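J.: sequence first, then the predicted structure, then my questions.
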Amino acid sequence: MSLILEKLSVKESNPVNKAQGKPDTVEKKGSPLLVVNNLSVRFRMYEKGLKQRELEVISHLDVTIHKGEILAVVGSSGSGKSLLAHAILGILPANATMAGTLNYDEEPLTPKRQKKLRGHEIALVPQSVSYLDPLMRVDKQVRGEKGTQEQQRKVFERFALKEEAGQKFPFQLSGGMARRVLVATAVLSDAKLIIADEPTPGLNPEIAEETMRIFRELADQGCGVMLITHDIDLALKYADRIAVFYAGTTVEVTPVENFLQGGDALRHPYSRALWHALPQNGFNPISGSQPYAGSIHTGCRFAPRCEWISGECAGEVPMRRVGDCEVRCVHAS
């Protein structure tokens, strides 16, 4: 816990580049902390009475998070971002089956290990405030098993939470306060891997920026941060790499500089479409919509909306290295 105290007590522990929100001197990316390879998630569903079917919602998903980095995971709703978080933590519902490999800190992340590390070395900032225990006062939830009142006071101060907020129950908090409490709980968990699932909606801009600065500080101290977000602009200021999801799989993982530049710096056509859809880049949508999981077949999932479509897109399209990024497209160069 002393490491967390050091991070929390020094607000300006690193000189920050105001244009990007990142330290002027960024440490070299560390070794892989989490490696997800060829992940698939299926749900057992009932249709037409007692007839069962397996609905695949994630397939061939690959992603790596290194020590000391923030990986921002972006994509439209339903692309598999939150499901990936739940798969890593081992909290998928009972009707889900998972295939592929998960490795954490160079060892298999088995269900037994997930249970041991969850809430300790691997912390979740959930999307829903319903994850807070409704029968426990806020201060006890933030401190957890090892935290102290002094540590809680400091983290409350950073998130603009008053001392009396700790004596309240979750239902007595506003939505923004409850979300700040969720982030504070993860910060004090002493985690090596933080999975933040939409941590900033409902926060005013100042608190959202402070939240991201704290994640940046944790990463600079060696933690790995997976930031699942729709706020791409905020993510671009603090993340190291961007992982773009589409229809349950990874289509591109690229350095944040490429996403800032846009155009040819992005290799996948969906990444380019996502960049052009941002307000500052013209707010230009493309026709069509992301396919529903039950309608997905073999081949490139983006092909029906892609101007590059060819016969090659109907076959298997693995992730491959192109320049400084990884991309799932046979035409990327």
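T.: Sure, I can see it. Numbers count the residues shown, from 1 in each chain.
J.: buried set for the longest helix belonging to the chain?
T.: Using DSSP state H to define each element, the chain has its longest helix at helix 205-220. The neighbour-count check on helix 205-220 (16 or more other Cβ atoms under 10 Å) flags 207-220 as buried. Using the backbone N, CA and C atoms, a C-beta is placed for each residue, glycine as well.
J.: greatest separation within those: which pair is it?
T.: Farthest pair in the buried residues of helix 205-220 (Cβ to Cβ) is 207 and 220. Separation: 20.2 Å.
J.: if we can go back for a sec, which among the buried residues of helix 205-220 gets closest to residue 259?
T.: residue 212 (16.0 Å).
J.: so residue 189 makes contact with residue 124?
T.: No: here residue 189 does not reach residue 124: they are 9.3 Å apart, not a contact under Cβ atoms under 8 Å.
J.: so where's the stretch 1-150 of the chain shaky on pLDDT?
T.: Where the stretch 1-150 of the chain drops to pLDDT under 70, the residues are 1-29.
J.: now the strands for it?
T.: Per DSSP state E, counting those that start in this stretch, the stretch 1-150 of the chain carries strands over the ranges 16-17, 22-23, 32-47, 51-66, 70-74, 96-104, 107-108, 122-125.
J.: make CSV from those strands and add mean neighbour count to it.
T.: Output for those, formatted as CSV (neighbours: other Cβ atoms under 10 Å):
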stretch, mean neighbour count
strand 16-17, 14
strand 22-23, 18
strand 32-47, 17
strand 51-66, 17
strand 70-74, 25
strand 96-104, 16
strand 107-108, 8
strand 122-125, 25
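J.: out of those strands, which gets nearest to residue 85?
T.: strand 122-125 (6.6 Å).
J.: what lies in contact with the closest one?
T.: Contact partners of strand 122-125, identified using Cβ atoms under 8 Å, 6 or more residues apart in numbering, comprise 85, 88-89, 104, 114, 118, 131, 182-183, 185-186, 189, 191-197, 199.
J.: can I get the CA coordinates of stretch 272-287 in PDB?
T.: Output of stretch 272-287 as PDB, limited to C-alpha atoms (Å, rounded to 0.1, in the frame of the first residue of the first chain):
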ATOM      1  CA  ARG A 272     -10.600   5.200 -40.400                       C
ATOM      2  CA  ALA A 273     -14.400   5.400 -40.400                       C
ATOM      3  CA  LEU A 274     -14.400   5.800 -36.600                       C
ATOM      4  CA  TRP A 275     -11.900   8.600 -36.800                       C
ATOM      5  CA  HIS A 276     -13.900  10.400 -39.500                       C
ATOM      6  CA  ALA A 277     -17.000  10.100 -37.400                       C
ATOM      7  CA  LEU A 278     -15.500  12.200 -34.600                       C
ATOM      8  CA  PRO A 279     -17.000  15.700 -34.500                       C
ATOM      9  CA  GLN A 280     -13.600  17.400 -35.000                       C
ATOM     10  CA  ASN A 281     -12.900  15.300 -38.100                       C
ATOM     11  CA  GLY A 282     -16.100  16.100 -39.900                       C
ATOM     12  CA  PHE A 283     -18.700  13.900 -38.100                       C
ATOM     13  CA  ASN A 284     -19.100  11.800 -41.200                       C
ATOM     14  CA  PRO A 285     -20.900   8.400 -40.600                       C
ATOM     15  CA  ILE A 286     -20.800   5.500 -43.000                       C
ATOM     16  CA  SER A 287     -23.800   3.500 -44.100                       C
END
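J.: any idea of the mean pLDDT in it?
T.: Mean per-residue pLDDT for stretch 272-287: 93.
J.: next one: residue 168 from residue 201, what distance?
T.: 21 Å (Cβ to Cβ, to the nearest Å).
J.: hmm, back to that, out of the strands of the stretch 1-150 of the chain, nearest to residue 262?
T.: The closest of the strands of the stretch 1-150 of the chain to residue 262 is strand 70-74. By Cβ to Cβ, the value is 13.6 Å.
J.: now for the closest one, which elements pack on it?
T.: When contacts are defined as 3 or more Cβ pairs under 8 Å, 6 or more residues apart in numbering; DSSP states H and E, strand 70-74 packs onto strand 51-66, helix 81-89, helix 205-220, strand 224-228, helix 232-238, strand 241-246.
J.: hmm, residue 139 and residue 167 touching each other?
T.: Yes: under the criterion of Cβ under 8 Å, residue 167 makes contact with residue 139 at 6.6 Å.
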